[in-house]
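quick one: sequence and predicted model below, then my questions.
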Amino acid sequence: VYCLVPLTQQASINAAFSTHCQQLSQPDEGKWRNCLVNQALVTEKQLTSTALPPEATVVDDGTGAFIRVEDVDGEFVSLGVSPGDMFIIDGEEYQIEEVINNNILLLTTGPAAAIAVAAEYAIRRDLSKTQQAENLGALARAYGTRRTYFIWPDIVGNAGVYTPGYMLSAAIAGMVAGFPPHKGFTNVGIVGFDDVGRSSRYFNETQLNIMAENGVYIVVQDAPGAIPYSRHQLSTDPDIIEFRELSITKNIDFISYFFKRRLTTFIGDWNITPTTLQAISTFTQGLIDFLLSQSTEKIGAPLVSGSIATLTQHPTLKDNVDLYIDIEIPYPLNNLNVHLVI
């Protein structure tokens, strides 16, 4: 088991998977995991509590128009309510014109008659596409780990049949299993889908950049019906290349498993002697040489270089041997800077 894909868009379950993968990927556990999550597009934001609905009256503002909203327990300013948001009461929606303070706001137009007895209300903000992109970026950034990949879009299609975006997550997890561990996925096609319209056909380039800068792994396509491909193989910890690139994480995990499984043969069956240390050194160098020899067209070998830095018995934990291996791994070619000089 390596890549986990929760078949849900429920944030709480996705968060539980993310925590699980981080816990198992600690050095003491040594069971490296990644998860690929997907969540639904949010096009509106609720600015009032749904657990305990607030109540308000709508009264005359002094001009004969019933546009003055009063809530003695209100938090209009604290909740960030602003002009343009929608005020919903008695099943009707009214646009907010002005926020006076935490307890009073004015509507652009109000109901035909006063609502003198306090009634339950809600306030909704319809998000622009830029705000939607910012929200998706915030959702991804909240995970903030190279062990979690926030896959977008949330709906994918094939031959007119549409399914939730976690099916796309599952396809990418299958690619992780099927390609060499150091293979990057940026610009690599993903078969099985012909419509990812809620990515590059829904958001513009600036909005996609907002999402990507915050760690959203976006799948796009150049035209309707074209093969979708990964825009950038990003984790939800996008600030440094070693953490943001899927190919780096899965390659390091592969190398870690490779050494761990093969070196386990020494544990328990050997005592710590100079002969043992020499045997471990020779065996480890053989493992390094093997990885260096596993070159594939376009992507090379999993290791660019490797050498044993130190191999010693622990000074106080006498039944421990510390082996440090310096490695250099291949990095994905994400940018090709061409300079024409005349």
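Structure received.

what ranges do the strands span in the stretch 1-150 of the chain?
Using DSSP state E, counting those that start in this stretch, the strands found in the stretch 1-150 of the chain span residues 3-4, 34-37, 44-46, 55-60, 66-70, 86-89, 92-99, 104-107, 115-126, 148-152.

who are the packing partners of the fourth one?
It stands for strand 55-60. strand 66-70, strand 115-126 (3 or more C-beta pairs under 8 Å, 6 or more residues apart in numbering; DSSP states H and E). Placement of C-beta: from N, CA and C, glycine included.

reformat those as TSV; add distance to residue 204 and mean pLDDT.
Formatted as TSV, those follow (distance: least, C-beta to C-beta, whole Å; pLDDT from 0 to 100):
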stretch	distance to residue 204	mean pLDDT
strand 66-70	36	97
strand 115-126	18	95
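
let me know which of these is tucked in deepest.
strand 66-70 (a mean of 21; mean count of other C-beta atoms under 10 Å).

quick one: residue 64 from residue 117, how far?
20 Å (C-beta to C-beta, to the nearest Å).

excluding sequence neighbours, find me the nearest residue to the most centrally placed residue in the chain.
Note on the chain: the residue nearest the mean C-alpha position is residue 150, at 2.8 Å, using C-alpha atoms, centre = their mean. Excluding its sequence neighbours, the residue lying closest to residue 150 (C-beta to C-beta, 6 or more residues apart in numbering) is residue 140, at 3.8 Å.

same question for residue 151.
Nearest non-adjacent residue to residue 151 (C-beta to C-beta, 6+ apart): residue 169, at 4.5 Å.

so that neighbour lies in a helix, does it not?
Yes. Assessed with DSSP: H, G, I helix; E, B strand; the rest coil, residue 169 lies in a helix.

does it really touch residue 38, like I thought?
Yes. At 5.1 Å, residue 169 counts as touching residue 38 under the criterion of C-beta atoms under 8 Å.

which neighbours do these two share?
residue 151 (C-beta atoms under 8 Å, 6 or more residues apart in numbering).

as JSON lines, the helices and strands packed on strand 55-60 with distance to residue 47 would be great.
Below are those laid out as JSON lines (distance: least, C-beta to C-beta, whole Å):
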{"stretch": "strand 66-70", "distance to residue 47": "13"}
{"stretch": "strand 115-126", "distance to residue 47": "4"}
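
among these, which is nearest residue 107?
Across those, the minimum distance to residue 107, taken as C-beta to C-beta, is reached by strand 66-70, at 4.2 Å.

just checking: what are the partner strands of that closest one?
strand 55-60 (antiparallel), strand 104-107 (antiparallel) (DSSP bridges).

for those strands, which one ends up most surrounded?
When the strands paired with strand 66-70 are compared using mean count of other C-beta under 10 Å, strand 104-107 is most buried, at a mean of 20.

ok, residues contacting that strand?
Contacts for strand 104-107 (C-beta under 8 Å, 6+ apart): 58, 61, 67-71, 74, 76, 81, 87, 94-100.

contacts only, for the residue nearest to residue 113 when sequence neighbours are not counted.
Using C-beta to C-beta, 6+ apart and skipping the chain neighbours, the partner closest in space to residue 113 is residue 66 (6.5 Å). With contact taken as C-beta under 8 Å, 6+ apart, residue 66 is in contact with 58-60, 110-115.

just the element for residue 307, please.
strand 305-313 (DSSP states H and E).

oops, could you answer that again for residue 251 instead?
Residue-wise, residue 251 maps onto helix 246-263 under DSSP H and E.

which element follows that helix toward the C-terminus?
helix 274-293.

contacts for the lowest-mean-pLDDT helix or strand in the chain?
Within the chain, confidence by mean pLDDT, DSSP states H and E is lowest for strand 44-46 among all helices and strands, at a mean of 93. Applying C-beta under 8 Å, 6+ apart, the contact partners of strand 44-46 are 122-127, 135.

which neighbours does it have in its sheet, and in what orientation?
strand 115-126 (antiparallel).

for residue 200, report the pLDDT, please.
You'll see residue 200 listed with a pLDDT of 91.
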